[in-house]
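# kindly generate the corresponding structure for this input.
(chains A and B)
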Amino acid sequence: MAWIEVRDDREWEGELAELRPEVVDPKYDRVDNIMAIHSLDPASLRAHLALYRQAMRGTATLPAVDREMIALVVSKVNHCHY
Amino acid sequence: MTHHRRGLRRLLADDHLAARIEADFEHAGLDERRLAMLRFAVKLSRSPYAMTKADVEWLRTVGFSDLDVLHITEVTAYYAYVNRIADALGVGLEEWIPED
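Below you'll find the predicted structure:
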């Protein structure tokens, strides 16, 4: 359980409900915790989503697989277990 | 790391390579280009104040364009952002996703 309030994504309303399709994991029809953590501020969720898309969008010379590789190695260096 | 381990495994279609990269990317049999990219990202993550123009120039030497350098930097900086959020707010793994 996170250390701040997180609104259950299955009960999102208003602006959060509008954003939900863009952040939901279709395999489980649930929003990942790293996105749901922004639930107290939809603008915060939007901002993270925009950053994520830009960072991880594959290009011809730096495809998605290389970006995920960087993500894995950097997360280890940052001691992040998520 | 869990999410990225799964993401990389899926994209590489090679579980063993993903595991080797996670354990020690320096000795995973990666080509010079990927090694350079990862070393840059690691240095930037560990010691951002130590970055120099020479670090960027090495990426160019191995064949990355300035656009690629911008993107490699952006990915690395994004993970600094997301790792901080996860750590500060106690973001845990999803209960509905089974363990590896």
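# report the central residue of chain A.
Centroid-nearest residue in chain A, with CA atoms, centre = their mean: residue A:35, separated by 3.9 Å.
# nearest residue to that residue other than its sequence neighbours?
The shortest distance from residue A:35 to any non-neighbouring residue, by CB to CB, 6 or more residues apart in numbering or on different chains, is to residue A:23 (4.4 Å). Every C-beta, even on glycine, is put in place using the N, C-alpha and C of the backbone.
# how about low-confidence regions in chain B?
For chain B, residues meeting the criterion pLDDT under 70 lie at B:1, B:100.
# ok, residue 37 - contacts?
Since you didn't name a chain, this refers to chain A. Residues near residue A:37 by CB atoms under 8 Å, 6 or more residues apart in numbering or on different chains: A:2, A:4, A:6, B:85-86, B:89, B:91.
# ah, I was thinking of chain B
Residue B:37 is in contact with A:66, A:69-70, B:59, B:64, B:72, counting by CB under 8 Å, 6+ apart.
# also residue B:90?
Residue B:90 touches A:1-3, counting by CB under 8 Å, 6+ apart.
# out of these, which is nearest to chain B?
Chain B has its nearest neighbour among the contacts of residue B:90 in residue A:3, at 3.8 Å by CB to the nearest CB.
# hmm, the closest one is touching residue B:87, no?
No - assessed by CB atoms under 8 Å, residue A:3 is found out of contact with residue B:87, at 10.3 Å.
# what touches both of these two?
Between them, residue A:3 and residue B:87 share no contacting residue, judged by CB under 8 Å, 6+ apart.
# can you pull the contacts of residue A:63?
With CB under 8 Å, 6+ apart, residue A:63 has no contacts at all.
# give me the buried subset of the contacts of residue B:90.
residue A:2 (16 or more other CB atoms under 10 Å in any protein chain shown).
# hmm, what's the outermost residue in chain A?
residue A:61 (24.0 Å).
# let me know the closest of the contacts of residue B:37 to residue A:44.
Taking CB to CB as the measure, residue A:44 sits nearest to residue A:70 out of these, at 24.0 Å.
# which helix or strand contains that closest one?
Assigned by DSSP states H and E, residue A:70 belongs to helix A:64-77.
# list the buried residues of that helix.
Applying 16+ other CB under 10 Å to helix A:64-77 flags A:66-77 as buried.
# same question, stretch A:37-51
Residues of stretch A:37-51 classed as buried by neighbour count (16+ other CB under 10 Å): A:37-39, A:42, A:45-46, A:48.
# do stretch B:57-67 as well
The neighbour-count check on stretch B:57-67 (16+ other CB under 10 Å) flags B:59, B:64 as buried.
# quick check, it touching chain A?
Yes - using CB under 8 Å from any CB of the partner chain, stretch B:57-67 reaches chain A at B:64-65, B:67.
# tell me where chain A has helices.
Along chain A, the segments classed as helices by DSSP state H run A:14-23, A:33-36, A:42-56, A:64-77.
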